[in-house]
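> turn this into a structure:
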Amino acid sequence: MSQPSPNPAQAPIKGLRWWICGLLFLATTINYLDRNSLSVLKTTLSRELHWNEADYGWVTFAFSTAYALFQSPSGRLIDWLGVRISFAIALVAWSIMAGAHALAASTVGFMVVRFLLGAAEAANFPASVKAVAQWFPQRERALATGIFNSGSNLGIMLSPLTVWVAVKYGWQAAFISIGVLGLGWLVLWLWLYHSPSEHPRLGAAERAHIDSGLPPGEDKPRLPWIALLRYRQVWAFIVAKFLADPVWWFYLYWLPSYLEKQRGLTVLGSASMLIIPYLAADFGSVFGGYLSGALIRRGWRVGPARYAAMLLCAVCMPGAIVAVMTSHFWLALGLISLATAAHQGWSANVFTTATDLFPSRVAGSVVGLGGTCGALGGMLMTLLVGGTLQWTGSYVPIFIWAGLMHPLGLILFRLLAGPDLHSVVMDKPLDLTKNNPALLAGGALACLIGGGVAAVIGFNWQFFVTATKSANAPAGGLTAMTGVAVIGLILIYAGLSHKNARD
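Numbering: from 1, shown residues only. Prediction:
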């Protein structure tokens, strides 16, 4: 790895990689503060802009759609441009979009800015995971990921502060203030962040901890993006995200109403009780990342260490099933908090497996692919949860589902990724001249299911609107199923023979 020329005027920063981890934590905090501000300001915006529930649903739907669509292209762009420039572009874009909420005066206006906000914020996790891969040795990556990922919970807990700003200065000021926070972070980012091979403040002691840096020009992906789908290890990551991410979406969006409707709390009481599961999630994120790293430092191989941490998290998730069955409130809340902690510990390790299995130069692309499928799973979950509650009025089937997805995800991940999580060798030519039957079959099945269900929704639109008492549910279903069909087409394209290429 090429060494930057020493500069006597710029003394090395002690523990530089952890300062960078702190910046990633702050970015994730701002990201979730930004996206959650709409929900806490819902009452104010509904009164000021005369929204009904359908209007609010369309606005949130616009964000979710963009967030799902732009995860994969964001990841690829990050691999091409590098973390420093691409993350800066994303922060500028989402900060501008946050402030632009102040200019929106209608439902359509909010839909536009929320869509653009979702598109820009999709870069956060691919960029952060790639930065961790470049700056941290393998034994520390899960802990660093757990630390920056815990910013998501802090952002949610801090979001009520936007209500105070809105009451004191108006709702427009609340959104503008979040945009200003993002731009303030940008100044710190541009001052502190460079790749390990170019950083002028990286000392010799710190450099000894970094085993993943590449010289400029050698860290760009050369393998066609679509060819990544030919690696079964990519599918291990995708499946884990698709199954487990919707569980977090469920807790994020439905836990407040569950505490109110099923446990008898007031709106204020529910909001105050939510601090407990979110604090637990912060602890779980950091501890889950620490655990696998600690096992590696004790001499465990990377694969068994990650699997041990993921297994511990997975076996905690079925506690949610007991939570919905018990009549004891504090036992239920404790088990739900255990589940939120376990999910975030799981996430810290699953994100890290993307860098265990693949070189850092394609880490953004891999995380982006998984993020798209995780977000798509979240959209499908929204439909399933809403439909279940609409037709049964019971949370029991939903909590059972939420308790089983992580154990199932671990089994499938283990089957696809193998026991040792050996890094994929991408220096050998990948033969793209032959058809891939598995991708072709999977793509055809996805097209059949997605296209078929989308057609059913389209031809029976009014029925679904009447059944769900909202146009949001069929719109979400149509979009999600169209997304499944599009993914099917992408799989078919990836499975067809192409000109030989190598990474």
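> what about this structure, any weak spots by pLDDT?
Low-confidence segments of the chain, defined by pLDDT under 70: 1-10, 53-54, 209, 211-223, 267-268, 427-429, 467-473, 499-503.
> break it into its domains for me.
Following automatic domain parsing, one finds the domains of the chain at 12-220, 229-287+316-426, 429-503.
> among the ones you listed, which is nearest L295?
Across the domains of the chain, L295 has its closest neighbour in domain 12-220 (9.0 Å, CB to CB). (Glycine included, C-beta is placed from N, CA and C.)
> run the chain-centre distance for that closest one.
11 Å (CA atoms, centre = their mean, to the nearest Å).
> quick thing: my sequence starts at 594, can you match it?
New numbering, starting at 594: the last item is domain 605-813.
> and the closest residue to S885 other than its chain neighbours, how many neighbours does it have?
With CB to CB, 6 or more residues apart in numbering as the criterion, S885 has its nearest non-adjacent residue at 4.0 Å, and that residue is A902. Number of residues near A902 (other CB atoms under 10 Å) recorded here: 27.
> does A902 sit in a helix, a strand or a coil?
In three-state terms, and counting by DSSP: H, G, I helix; E, B strand; the rest coil, A902 is helix.
> phi first, then psi, for P789.
Main-chain torsions, P789, degrees, to the nearest 10: phi -60, psi -30.
> what separates it from R800, distance-wise?
To R800, P789 is 7 Å away according to CB to CB, to the nearest Å.
> rewinding a little: which of the domains of the chain sits closest to A887?
Smallest distance to A887 across those (CB to CB): 8.5 Å, for domain 605-813.
> of the domains of the chain, which is nearest G886?
G886 lies closest to domain 605-813 among the domains of the chain, at 4.8 Å (CB to CB).
> which of P789 and R800 has more neighbours?
P789 (22 against 19).
> distance check, that one against R954.
Taken as CB to CB, the span from P789 to R954 is 13 Å.
> F703 too?
38 Å.
> between the two, which is the more surrounded one?
Set F703 next to R954 and count neighbours by other CB under 10 Å: F703 wins out with 25 against 22.
> tell me who's in contact with the closest residue to W764 other than its chain neighbours.
Nearest residue to W764 in three dimensions, chain neighbours excluded: T637, at 5.2 Å (CB to CB, 6+ apart). Taking CB atoms under 8 Å, 6 or more residues apart in numbering, we find T637 in contact with V756, A759, W764.
> so the last one touches L638, yeah?
Yes. Contact between W764 and L638 holds when scored by CB atoms under 8 Å: they sit 6.3 Å apart.
> mind listing the helices for the stretch 694-843 of the chain?
With DSSP state H, counting those that start in this stretch as the criterion, the stretch 694-843 of the chain has helices at 700-714, 717-728, 731-742, 744-751, 754-762, 764-785, 797-800, 825-854.
> which stretch among these is buried most, on average?
helix 717-728 (a mean of 29; mean count of other CB atoms under 10 Å).
> let me know the angle separating it from helix 731-742.
Calculated by axes from the mean of the first three to the mean of the last three CA atoms, to 10 degrees, helix 717-728 forms an angle of 150 degrees with helix 731-742.
> who are the packing partners of helix 717-728?
For helix 717-728, the packing partners by 3 or more CB pairs under 8 Å, 6 or more residues apart in numbering; DSSP states H and E come out as helix 609-633, helix 646-674, helix 676-693, helix 731-742, helix 922-950, helix 956-985.
> now the angle from it to helix 744-751?
Going by the same axes, to 10 degrees, helix 717-728 makes 140 degrees with helix 744-751.
> list every C-alpha atom in helix 717-728, with coordinates, as CSV.
Taking Å, rounded to 0.1, in the frame of the first residue of the first chain, the C-alpha atoms of helix 717-728 are listed here in CSV:
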residue,chain,number,x,y,z
ASN,A,717,-25.8,5.9,4.6
PHE,A,718,-25.3,2.3,5.4
PRO,A,719,-23.4,1.2,2.2
ALA,A,720,-21.0,4.1,2.8
SER,A,721,-20.6,3.5,6.5
VAL,A,722,-20.0,-0.2,6.2
LYS,A,723,-17.5,0.4,3.4
ALA,A,724,-15.7,3.0,5.6
VAL,A,725,-15.5,0.5,8.4
ALA,A,726,-14.1,-2.2,6.1
GLN,A,727,-11.3,0.2,5.0
TRP,A,728,-10.4,1.6,8.4
